[in-house]
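In: Make a model of this:
(one chain, ligands or ions: 1)
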Amino acid sequence: MTPEAASMKAEELCLLAPVIPVLVVKDAGTAALLARALVTGGLPVLEVTLRTPSALDVIREMSGVAGGVVGAGTLLTPADVEAAKAAGAQFGVSPGATDTILDACEANDLPLLPGAATATEVMRLLERGYTVQKFFPAEANGGAPALKSLASPLPQVRFCPTGGVSLANAGTYLSLPNTLCVGGSWVAPSDKVDSGDWAGIEALAREASKLPR
Ligand code: 3PG
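Out: Modelled structure (predicted):
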């Protein structure tokens, strides 16, 4: 898959909902219930981070939930890319972007939302053909004012800011011309996931899905 095709797919996914839940899931046994709560609440695009031993099983379980589009986050190595693809991930997300990870996603036909934090990193990805990128870590890196500043010299690149994004600041990001959607873990807090509060998570998702953009 070319970088241009990957960016087209990433844009399509980013436009499905204003928020992509960033999920750290320990228990694959409840993964489908979590995915259903988020999808029912209006957030169909789900990023399962490869940060738990069960993450690949979680991707498999969530991929069976109707209406969801499940991807793998925290892709760091070609082995991560291959495992994510084999588990059924429909897209990938990486915190940064190395040639190694870009090559692996292109070779494995996995659309990637690659991370960038500086103008130089954004330009390097743009040179390669990636026009849709993750701005990470968004808040620690200057937040919405920093992202807005990138829009003047680099209007052709659009972003999913992630990292420190919450219901309180998501609207500011979403009002920027270069923001397609935001990513965040606040819609699936670990206390609610651990206690199985699916109604509570559905309510958080519904609230997030109504954010204007
Ligand atoms: C992450 O990599 O954990 C994501 O950026 C989510 O960040 P958040 O927990 O601050 O939403």
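
In: interface residues of the protein facing the ligand?
Out: Contact residues (Cβ under 6 Å from any ligand atom) of the chain with the ligand: 22, 136, 162-165, 184-186. Any C-beta I mention is one placed from the backbone N, CA and C, and that applies to glycine too.

In: farthest pair in those?
Out: Taking every pair in the residues of the chain next to the ligand and measuring Cβ to Cβ, the maximum separation is 15.6 Å, between Phe136 and Trp186.

In: And the pLDDT at Glu207?
Out: pLDDT for Glu207: 98.

In: Check the gap between the residue lying closest to it once chain neighbours are set aside and the ligand for me.
Out: In this structure, Glu207 finds its nearest non-sequential neighbour in Leu167, 6.6 Å apart by Cβ to Cβ, 6 or more residues apart in numbering. Applying Cβ to the nearest ligand atom, to the nearest Å, the value for Leu167 to the ligand is 11 Å.

In: quick one: Leu167 and Trp186 touch, right?
Out: Yes - with contact defined as Cβ atoms under 8 Å, Leu167 reaches Trp186; the gap is 6.3 Å.

In: Comparing those two, which residue is more hemmed in?
Out: Trp186 (17 against 14; other Cβ atoms under 10 Å).

In: Same question for that one, what's its three-state structure.
Out: coil (DSSP: H, G, I helix; E, B strand; the rest coil).

In: Next, the nearest residue to it once chain neighbours are set aside: phi, psi?
Out: Counting by Cβ to Cβ, 6+ apart, Trp186 lies nearest to Ser166, which is 5.1 Å off, once chain neighbours are set aside. Phi and psi for Ser166, reported as degrees, to the nearest 10, are phi -140, psi 180.
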